[in-house]
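A.B. asks: Generate a structure from the sequence data that follows.
(4 chains)
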There are 2 protein chains.
Amino acid sequence: MNVGRRVDYAVRALSYLAGQPTGKIVSRVEIEQKQAIPSYFLSKIMKDLVAGGLVQSHIGSKGGFTLARPAESISVKEVYETVERPIVLMECLDKGENYCSYCGVCTQRSVWDKAQSLVASYLGGVSIGDISDPRGLTGRLAALSR
Amino acid sequence: MNVGRRVDYAVRALSYLAGQPTGKIVSRVEIEQKQAIPSYFLSKIMKDLVAGGLVQSHIGSKGGFTLARPAESISVKEVYETVERPIVLMECLDKGENYCSYCGVCTQRSVWDKAQSLVASYLGGVSIGDISDPRGLTGRLAALSR
DNA sequence: TGAAAAAAAGACCTAGTAGGTCTATATTTG
DNA sequence: CAAATATAGACCTACTAGGTCTTTTTTTCA
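C.D. replies: This next block holds a predicted model:
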């Protein structure tokens, strides 16, 4: 029960994009620097976000990324599932009843199912727009110490 | 965001114990067989449950385990945290503000904090008594096919 | 008293994965 | 053409989940 760095970084990247003027293209390097993401790491994550249709990429000099959709329409749940995997607390909840022969008589199944629904529906209700971050972590941290 | 086998097996073991007459001592091997837990694996898990005060052990021939407390007073959350680790979605939620220098300006922190509270409080409200299983998975599965 | 049955303790092993780094290639701008 | 960029994918390391087994200690009971 642990959210990986990929999700953390993906959310940071999207929050930063959400804070830019609409259509402003931002490079991977800028996002990494503003949001304190390890060099290069973001390239793999952005690939997933592009493939998932959350972000649009622009190849070539002056290229970079923009949100592919309004920030308000992108939920944290969707981000999670795009860069990692569907939110599933136990495998048997995902696969059908015949994944494990005991599913039919399992007393805990409904417990994890409920817990999973709770968190998934909460995350489904939080949008990237809600946590947009125009300046990025490094920018706002620097502002604090001034 | 995934619940490991240790928790699964711990819950199965406790549910089985909860279904026995009060004070009935049950051996590790019996629990493993009735609840379809891999041989030997349960020994490591029971160690944690004993250390955590959820289960009482009885060494020697005719030994085994009993619940140390009423099943209704043992929550799934407590089981989880006893055999694995505290329920924490991101490390920074656990460690103080100074774990990561950006905590103070992090826009996602509250999101994961809320999600974490939701699931923790739900699991805190489900007890082993709620999912007690006197016959175990194998027993009930066999009953079905008869 | 001794053999059997059980927990306690811990060593060991394997495959998978998280997290991170780097390089080569294609594309675009100016 | 040169510089800047995404794309694609190779590569690496440390950790962990999950599982198996063995040795020791304690207890029961015949």
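
A.B. asks: use CA for all of it now, contacts and neighbours both
C.D. replies: OK.

A.B. asks: who's in contact with the residue of chain A most remote from its centre?
C.D. replies: In chain A, the residue that sits farthest from the middle, by Cα atoms, centre = their mean, is residue A:105; the gap is 35.1 Å. Each residue near residue A:105 by Cα atoms under 8 Å, 6 or more residues apart in numbering or on different chains is listed here: B:137, B:140-141.

A.B. asks: top of those residues by neighbour count?
C.D. replies: Per-residue neighbour counts (other Cα atoms under 10 Å in any protein chain shown) across those peak at residue B:137, which has 24 neighbours.

A.B. asks: So it is in contact with residue A:100, correct?
C.D. replies: No: between residue B:137 and residue A:100 there is no contact under Cα atoms under 8 Å: 11.4 Å.

A.B. asks: follow-up on the earlier one: and the least confident of the contacts of residue A:105?
C.D. replies: Within the set of the contacts of residue A:105, pLDDT is lowest for residue B:141 (91).

A.B. asks: Quick check: phi and psi at the residue nearest to that one when sequence neighbours are not counted.
C.D. replies: Spatial nearest neighbour of residue B:141, excluding adjacent residues (Cα to Cα, 6 or more residues apart in numbering or on different chains): residue A:105 at 6.5 Å. Main-chain dihedrals, residue A:105, degrees, to the nearest 10: phi -120, psi 20.

A.B. asks: Report the separation between residue A:105 and residue A:44.
C.D. replies: According to Cα to Cα, to the nearest Å, residue A:105 and residue A:44 sit 41 Å apart.

A.B. asks: Check residue A:5 too.
C.D. replies: Counting by Cα to Cα - residue A:5 and residue A:44 are separated by 12 Å.

A.B. asks: picking that back up, tell me which of the contacts of residue A:105 is nearest to DNA strand C?
C.D. replies: Ranked by distance to DNA strand C (Cα to the nearest atom of the strand), the contacts of residue A:105 are led by residue B:137 at 18.6 Å.

A.B. asks: Helix, strand or coil: sort out the closest one for me.
C.D. replies: helix (DSSP: H, G, I helix; E, B strand; the rest coil).

A.B. asks: Could you pull up the residues touching the residue nearest to it when sequence neighbours are not counted?
C.D. replies: Counting by Cα to Cα, 6+ apart, residue B:137 lies nearest to residue B:35, which is 5.1 Å off, once chain neighbours are set aside. Contacts for residue B:35 (Cα under 8 Å, 6+ apart) come out as B:12-13, B:16, B:136-138.

A.B. asks: Around residue A:31, count how many other residues there are.
C.D. replies: Residue A:31 has 24 neighbours, counted by other Cα under 10 Å.

A.B. asks: Which of the helices or strands spans it?
C.D. replies: Element membership for residue A:31, per DSSP states H and E: helix A:28-34.

A.B. asks: Now do the buried residues in that helix.
C.D. replies: A:28-29, A:31-32, A:34 (16 or more other Cα atoms under 10 Å in any protein chain shown).

A.B. asks: and the residue of chain A found nearest chain B, what is it in contact with?
C.D. replies: Nearest residue of chain A to chain B: residue A:1, at 4.0 Å (Cα to the nearest Cα). Taking Cα under 8 Å, 6+ apart, we find residue A:1 in contact with A:89, B:1-3, B:87-89.
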